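Peer 1: just the structure for this:
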Amino acid sequence: RLSQQFGLVGPDTSLIVLETLEDYLRYAIRPSGKLRADYDARFARQVTDRAAADRERLDQVAARWKERQQWWSRSWPKGAPPRAKETALDVAAADYPAESAPMAMLVAPAPAAPPAPAPMAAAAEQRMQASSARARRPAPASENALDSIVVTGGSVDAAAAANDGQLGIRLAAWQPDSAVARRPRQGPPSQLYDRYLAERDAHADSSAFFLDVADLLLEQGQRELALRVLSNLAEMELDNRHLLRVLGYRLMQADAPALAVPVFEQVLAMGQEEPQSFRDLGLALAAAGQPQQALAPLYQVVVRPWDSRFDGIALVALDELTNLVARSTPRLDTSGVDPRLLQAMPLDLRVVLSWDADNSDMDLWVTDPNGERAYYGNRLTYQGGQMSEDFTGGYGPEQFSLRNAKPGRYKVEANYFGSRQQLVTGATTLMLRLTTHWGTAKQKDQMVTMRLKDRAETVLVGEFEVR
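Peer 2: Model (predicted):
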């Protein structure tokens, strides 16, 4: 401020050459002399136009939020699905008034995917038709053993109960399989950290080495040592926000959100053009017991203008914002939030997929007890499962939501189509959050972080079991 007021050069001063009125307007620097009057008039119009654009954008978000409320309020069938020749759209149109349907979800959805893993090839064919720039090499889903975590409690209130309230999460066992991860794993667990120290200097520039060792330590319950190993990532490339984002995800998985907050603050300072930077910080603040502070970055995801490749992230952030408001005690100050956007929508099941690589294409797949797969080409299932918009340009998130879950098993998979950028960790890092009783006092979250090789593959993440 002193530099601006008195025209002084300071340590934070940058040289910029402004020649035309458009230059001054672009950088919002008020000129002196004969350009000042024209600048003031044009700048005032810019402010007015920007305010009008902000109102229009907020109205559009509110309209889409209302469509989601309509989806959430409807009663979806929980019986056997119709004959295979009928599409999800045909059933919805026949059983429910068309005017009550959320149009954003019911406009020309693709036919439901067949129940078995067989539709892999068909899904690839649809994917190629949707975008000639995408390609995939199918790989079978990993049938790893599942670690059972059972969650019980009451289901979300509904017109007709779809289950008896017993919702469970089972996570697929995943271990890093790189050579540097296999060597420390050889020998007794008590000597793992010593083996890490013996190899650390040889892999001082490998972020994958520290990530793999930290995963092994977390797996063996040595959390404090895992956090110590992860701290190396913060010292490797201080200006690499992609690596710092991976560090933040690992700290969240290790139940250390207070440590993740300053990491995500640094990511945000370097990447304010990406809505994921605001969202990651908001979620970390909420997990660290700072819900009021978490509101601001989450709401920025909703109201700011973003590049078109991030379409849909506002609704995901709104789900998280309204859930935070509904579950916080004491009540949060929401005076800065548009009242049209404050209705919370509890769910039986919710899955969110995020990843660390820009210009990368991942897909979230959820297959329900009917054998119907919710994915980018089938965003609304027969029983009311809803998939968010497809993110093909990087980071995500993609979200699956189901208010009232039909009893049975729900298989959660991540489908990796590939990356179009050099990966700083040697692989793409996925973070998945599986939640039961979302938005209620009985909410239970399980987080999974895994790294995938730079090739097309499909991995089993876990399952929900609904009784």
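Peer 1: please count neighbours and contacts with C-alpha atoms only from this point.
Peer 2: Fine.
Peer 1: and the longest helix seen in the chain, what's buried?
Peer 2: In the chain, with assignment by DSSP state H, the single longest helix is helix 35-73. For helix 35-73, burial by neighbour count (16 or more other C-alpha atoms under 10 Å) applies to 39, 43, 57-58, 61-62, 64-69, 71-72.
Peer 1: identify the bridge partners of A374.
Peer 2: Beta-bridge pairing of A374 under DSSP bridges involves V366.
Peer 1: R170 too?
Peer 2: Beta-bridge partners for R170, by DSSP bridges, are S148, E463.
Peer 1: one step back: and the buried residues of helix 35-73 as TSV, adding distance to S190 and pLDDT?
Peer 2: Shown next, in TSV, are the buried residues of helix 35-73 (distance: C-alpha to C-alpha, whole Å; pLDDT from 0 to 100):
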residue	distance to S190	pLDDT
Y39	69	93
F43	66	94
R57	56	94
L58	55	95
V61	53	96
A62	54	97
R64	53	96
W65	51	97
K66	55	97
E67	54	96
R68	51	96
Q69	52	97
W71	52	97
W72	50	97
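Peer 1: distance to K444 for these - can I get that in JSON lines?
Peer 2: Output for the buried residues of helix 35-73, formatted as JSON lines (distance: C-alpha to C-alpha, whole Å):
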{"residue": "Y39", "distance to K444": "55"}
{"residue": "F43", "distance to K444": "50"}
{"residue": "R57", "distance to K444": "33"}
{"residue": "L58", "distance to K444": "31"}
{"residue": "V61", "distance to K444": "28"}
{"residue": "A62", "distance to K444": "28"}
{"residue": "R64", "distance to K444": "27"}
{"residue": "W65", "distance to K444": "24"}
{"residue": "K66", "distance to K444": "26"}
{"residue": "E67", "distance to K444": "26"}
{"residue": "R68", "distance to K444": "23"}
{"residue": "Q69", "distance to K444": "23"}
{"residue": "W71", "distance to K444": "23"}
{"residue": "W72", "distance to K444": "20"}
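Peer 1: re the thing from before, how far does the longest helix of the chain sit from its chain's centre?
Peer 2: 25 Å (C-alpha atoms, centre = their mean, to the nearest Å).
Peer 1: can you check stretch 26-34 too?
Peer 2: Centroid displacement of stretch 26-34 relative to its chain, using C-alpha atoms, centre = their mean, is 40 Å.
Peer 1: name the nearest residue to the residue nearest the centre of the chain, ignoring sequence neighbours.
Peer 2: Geometric centre of the chain, nearest residue: P397, 2.7 Å, by C-alpha atoms, centre = their mean. Spatial nearest neighbour of P397, excluding adjacent residues (C-alpha to C-alpha, 6 or more residues apart in numbering): S354 at 4.6 Å.
Peer 1: any idea of the mean pLDDT in the helix or strand hosting that neighbour?
Peer 2: Here S354 sits within strand 347-355, counting by DSSP states H and E. Computed over strand 347-355, the mean pLDDT rounds to 94.
Peer 1: what lines up beside it in the sheet?
Peer 2: Pairing partners of strand 347-355, with direction, according to DSSP bridges: strand 398-402 (antiparallel), strand 428-438 (antiparallel).
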